[in-house]
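Engineer: just need the structure, nothing else, for what follows:
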Amino acid sequence: MTIDYRPFVIVALTIVLGTGPVNQVLGQSDRSPANIAAKTLRPVSSFAGVVDTRARSAALFQEAGRVLRHPRCANCHTGDGQPLQGEKQRPHRPLVVRGRDNLGAPGMACTTCHGRSNFDPARVPGRPNWQLAPPVTGTKDKTLGAICQQIKDPRRNGGKDIAAILKHMATDGLVKWAWDPGGGRTPAPGTHAGFVALLKAWAAGGAHCPTP
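Structural biologist: Numbers count the residues shown, from 1 in each chain. Below you'll find the predicted structure:
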């Protein structure tokens, strides 16, 4: 019989590093209009009044960009050698580095702690193929206009055309995880379906970018 020691390792790290639920201060949810708006995405239909096609396309990406710049996405798309954690985007604890193929260093690979699903008792997120995003796709400290141009550039998006980008956003498990992060984390705004719909409408309108 093979014993999976990963849960025991994760719990030990949780106790030592103080990252578990016992260390979290849970506040009451803010039901203010501003907070509710921050958790939602405008539907594609709400942009129908923007007559200019170019302006409408750019506005659609601006809305979708709220997901791209959210910590659930940006924490892995750092572009440097380390991921970030949490809403305040602090350096990953314990210290990890990108390593070969974005999978972590030998002996401290991403899958040492991150399994195929979230492990909520220790607040450790998980999905199959957990890893850092390739450096070329980093979004840290970039304007939304620059991120838009990067997403459209096959040299900086993993060799994808627009159709492949849309497929990636619609089907990739790590993208979908942003709306099911577990562990009391704030999910990305809106829904995955709403995010994909915005990007499809953006592409259909010419894939124009917001002004940097």
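
Engineer: mind listing the helices for this protein?
Structural biologist: Remark: helices assigned in the chain by DSSP state H are 6-17, 33-38, 53-68, 71-74, 144-152, 162-171, 173-177, 192-204.

Engineer: can you name the residues that contact the residue nearest in space to the middle of the chain?
Structural biologist: Nearest to the geometric centre of the chain sits Cys73, at 1.7 Å (CA atoms, centre = their mean). Taking CB atoms under 8 Å, 6 or more residues apart in numbering as the criterion, Cys73 is in contact with Val67, Thr139, Val175, Ala178, Ala188. Any C-beta I mention is one placed from the backbone N, CA and C, and that applies to glycine too.

Engineer: mark which of the residues you listed are buried, thanks.
Structural biologist: Applying 16 or more other CB atoms under 10 Å to the contacts of Cys73, the neighbour count classes Val67, Thr139, Val175, Ala178, Ala188 as buried.

Engineer: ok, back up a step: just the contacts of Cys73: which has the poorest pLDDT?
Structural biologist: When the contacts of Cys73 are compared on pLDDT, Thr139 comes out lowest, with 93.

Engineer: poorly predicted segments of the protein, please.
Structural biologist: Within the chain, the stretches with pLDDT under 70 are 1-31, 34.

Engineer: and with 80 instead?
Structural biologist: 1-37, 212 (pLDDT under 80).

Engineer: can you count the residues close to Ala163?
Structural biologist: 9 (other CB atoms under 10 Å).

Engineer: got the contacts of Cys73 as TSV, with distance to Leu60 columns?
Structural biologist: As requested, the contacts of Cys73 are arranged in TSV below (distance: CB to CB, whole Å):
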residue	distance to Leu60
Val67	12
Thr139	18
Val175	18
Ala178	18
Ala188	16
